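[1] Let me see the structure of the following:
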Amino acid sequence: MVGMDTGHIPKSDLLQVPIALGLRRLAIPAGVGFFFTTMFNVVDTFYGGLISTEALAALSLSFPVFFFIIAAGSGISTGATALIGNALGAKRIEEARAYTVQAISFATLCAITLTIVGLASSPALFRFLGASGDYLFLSLSYMNVIFIGTLPFLLNYILNSGLYASGNTRSFRNFLIAGFFLNLVLDPWFLFGGLGLPPLGLPGIALATVLIQGSGNWYLLCQLRKTGLLEGCRPSHFIPRKDAFRELARQGFPASLNMVTVGIGIFVITWFLSRFGKDAVAAYGIASRIEQAALLPVMGLNIATLTLVAQNNGARLFHRIEKTVKTALTAGVVIMVPPAVAVFFFAEKLMGVFTGDSVVIAIGESYLRVAAFIFCAYVILYINVFALQGMKKPMFAILIGVVRQFVAPIPVFFLLAYQLDWGIRGIWWGIFLVTWTAAVVSTLYVRHMLIRMYLNGAAEYEAQGSSE
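    Model prediction:
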């Protein structure tokens with residue numbers, strides 16, 4: 001592919017560093033960043049609850065729609081990280097730079113498309129999920145602002161992909177920490193007004209989010225320039241190029257579609273929960289935030305696994321890929337046990353932090369006591385998926401995602417919730433059954449890919465690297 005002029009990029013030691021040390025070095029900053037991302041959402045949920053239970057339900061209802069933006073950004077970023085990381089590992093610096101710049105153009109076009117489609121389709125999506133009247137108005141007032149701000153969201157993901165591929169997980173962490181504290185100031189100000197600003201209500205929470213994302217664009221761009229990946233960049237390099245866009249789509253869209261399946265899964269769960277009323281939807285919205293917080297200690301391992309596997313795959317160091325996956329899985333499961341125990345025993349108190357509604361608390365508690373037994377399954381599943389992405393084998397994620405989020409849950413939920421008359425508990429145990437099955441299947445598939453990698457040898461694997 002045609003790229004930019006070559007030059008110096010700081011040398012990474014990700015091809016020589018001991019695996020356990022490399023995982024810690026990458027995972028801890030990324031994990032801290034994920035913590036503050038979740039706390040950012042917790043702050044939004046807290047202030048939404050101050051408005052009303054209906055506003056809280058609107059935030060929860062908006063999440064599966066919002067998730068399509070997250071899916072696009074995360075997927076394109078994951079694909080770009082894999083491509084840039086593989087190029088850096090193979091010491092193809094010109095190619096790494098070209099992918100970095102083309103990824104920015106790719107994300108910009110995707111953002112414009114998402115904004116147009118999102119604004120046009122969100123009313124129908126919310127009505128499908130059971131919203132009407134003030135409930136629908138609140139949901140749209142929040143999401144319309146978010147859709148208008150899609151571009152800064154996606155740009156942050158893409159700017160960070162170059163940083164992650166280079167082994168820099170600190171810069172995004174710094175932005176997320178600063179964004180959290182800025183959100184603590186902007187959310188109440190925009191929500192209730194003051195200093196000449198009128199009360200904006202729920203749309204104010206969305207506006208605060210968009211403005212914070214925009215501020216991150218400048219900071220992350222400055223940090224990306226320090227890696228050398230933008231060295232020699234000229235305006236003409238941003239013109240879309242067929243070969244670069246094709247590879248970004250080939251690696252990024254499967255990852256995005258995998259995330260989209262998560263959004264579809266949330267749609268499916270929300271649809272079933274809506275049959276039990278707004279309290280059930282609000283309870284799941286709160287409980288899912290608590291679930292995300294509990295998973296934070298291991299979230300950085302996903303990014304660390306992707307980065308290490310991508311660079312070592314580019315250098316054809318297959319034994320290091322195998323050790324990376326085994327070490328990450330072992331560490332992830334061990335780290336996840338204490339949060340799971342804490343959530344199980346303190347579920348009621350955790351729900352009570354966000355709402356005083358006893359019905360909502362009881363429903364959320366019933367979910368969290370089941371979710372505590374699913375946490376390790378999430379760890380296993382996500383580490384395997386990110387490892388495959390680093391190997392430039394992204395298609396499995398789509399298959400397992402479609403089955404886990406759509407094909408399996410619908411009949412399982414119907415069976416447990418209605419046929420066996422478990423009610424809402426049937427949905428919770430359905431999530432448990434489907435997620436653990438996916439975790440086991442993903443482990444078997446990664447093991448198969450590692451065996452095939454060794455049997456085929458480095459030369460044949462190089463030829464097959466992007467064939468999926």
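
[2] tell me the contacts of the most centrally placed residue in the chain?
    Most central in the chain under CA atoms, centre = their mean is Ser74, positioned 5.4 Å from the mean C-alpha point. Ser74 makes contact with 157, 255-256, 259 under the criterion CB atoms under 8 Å, 6 or more residues apart in numbering. C-beta coordinates here come from the backbone N, C-alpha and C atoms, glycine included.

[3] 6 Å - rerun?
    Ser74 is in contact with Met259, counting by CB atoms under 6 Å, 6 or more residues apart in numbering.

[4] from the chain's centre, how far out does the helix or strand containing it sit?
    Using DSSP states H and E, Ser74 maps to helix 53-89. Relative to its chain's centre, helix 53-89 lies at 5 Å (CA atoms, centre = their mean, to the nearest Å).

[5] for that helix, what is the average pLDDT?
    For helix 53-89, the mean pLDDT works out to 80.

[6] After that helix, which helix or strand is next?
    Following helix 53-89 toward the C-terminus (DSSP H and E): helix 93-128.

[7] and that following helix, how far from the chain's centre?
    15 Å.

[8] for stretch 233-240, same thing?
    Offset of stretch 233-240 from its chain centre (CA atoms, centre = their mean): 28 Å.

[9] Check the separation of the first and last residues in it.
    14 Å (CA to CA, to the nearest Å).

[10] Do a quick rundown of the helices in the stretch 301-450 of the chain.
    Taking DSSP state H, counting those that start in this stretch as the criterion, the stretch 301-450 of the chain carries its helices at 318-345, 347-352, 358-371, 375-390, 395-402, 409-413, 424-464.

[11] so can I have CSV of these showing distance to Ile112 and mean pLDDT?
    Listed next are these as CSV, based on distance: least, CB to CB, whole Å; pLDDT from 0 to 100:
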stretch, distance to Ile112, mean pLDDT
helix 318-345, 36, 92
helix 347-352, 39, 91
helix 358-371, 37, 92
helix 375-390, 25, 91
helix 395-402, 24, 82
helix 409-413, 32, 93
helix 424-464, 33, 81
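
[12] Make CSV from these and add mean neighbour count and distance to Leu61 to it.
    Putting the helices of the stretch 301-450 of the chain into CSV (neighbours: other CB atoms under 10 Å; distance: least, CB to CB, whole Å) gives the following:
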stretch, mean neighbour count, distance to Leu61
helix 318-345, 18, 24
helix 347-352, 18, 18
helix 358-371, 21, 14
helix 375-390, 25, 23
helix 395-402, 19, 22
helix 409-413, 18, 18
helix 424-464, 16, 16
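
[13] of those helices, which approaches Pro203 most closely?
    helix 358-371 (23.4 Å; CB to CB).

[14] If I take the closest one and helix 53-89, what angle do their directions form?
    Put simply, helix 358-371 runs at 30 degrees to helix 53-89, going by axes from the mean of the first three to the mean of the last three CA atoms, to 10 degrees.

[15] which other residues reach helix 358-371?
    Applying CB under 6 Å, 6+ apart, the contact partners of helix 358-371 are 279-280, 282-283, 286-287, 291, 343-344, 347-348, 351-352, 428, 432.

[16] centre of the chain versus it, how much separation?
    Chain-centre distance of helix 358-371: 24 Å, with CA atoms, centre = their mean.

[17] Alpha carbons of it, as PDB, please.
    Presented in PDB, the C-alpha positions along helix 358-371 are these (Å, rounded to 0.1, in the frame of the first residue of the first chain):
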ATOM      1  CA  SER A 358     -37.500  -0.400  46.500                       C
ATOM      2  CA  VAL A 359     -38.900  -2.200  43.500                       C
ATOM      3  CA  VAL A 360     -36.000  -1.200  41.300                       C
ATOM      4  CA  ILE A 361     -33.500  -2.200  44.000                       C
ATOM      5  CA  ALA A 362     -35.100  -5.600  44.300                       C
ATOM      6  CA  ILE A 363     -35.000  -6.300  40.600                       C
ATOM      7  CA  GLY A 364     -31.500  -5.100  40.200                       C
ATOM      8  CA  GLU A 365     -30.300  -7.100  43.200                       C
ATOM      9  CA  SER A 366     -31.800 -10.300  41.700                       C
ATOM     10  CA  TYR A 367     -29.800  -9.700  38.500                       C
ATOM     11  CA  LEU A 368     -26.500  -8.900  40.200                       C
ATOM     12  CA  ARG A 369     -26.600 -12.100  42.300                       C
ATOM     13  CA  VAL A 370     -26.700 -14.100  39.100                       C
ATOM     14  CA  ALA A 371     -24.300 -11.800  37.200                       C
END
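
[18] now the angle between helix 375-390 and that helix, please.
    Using the same axes, to 10 degrees, helix 358-371 lies at 60 degrees relative to helix 375-390.
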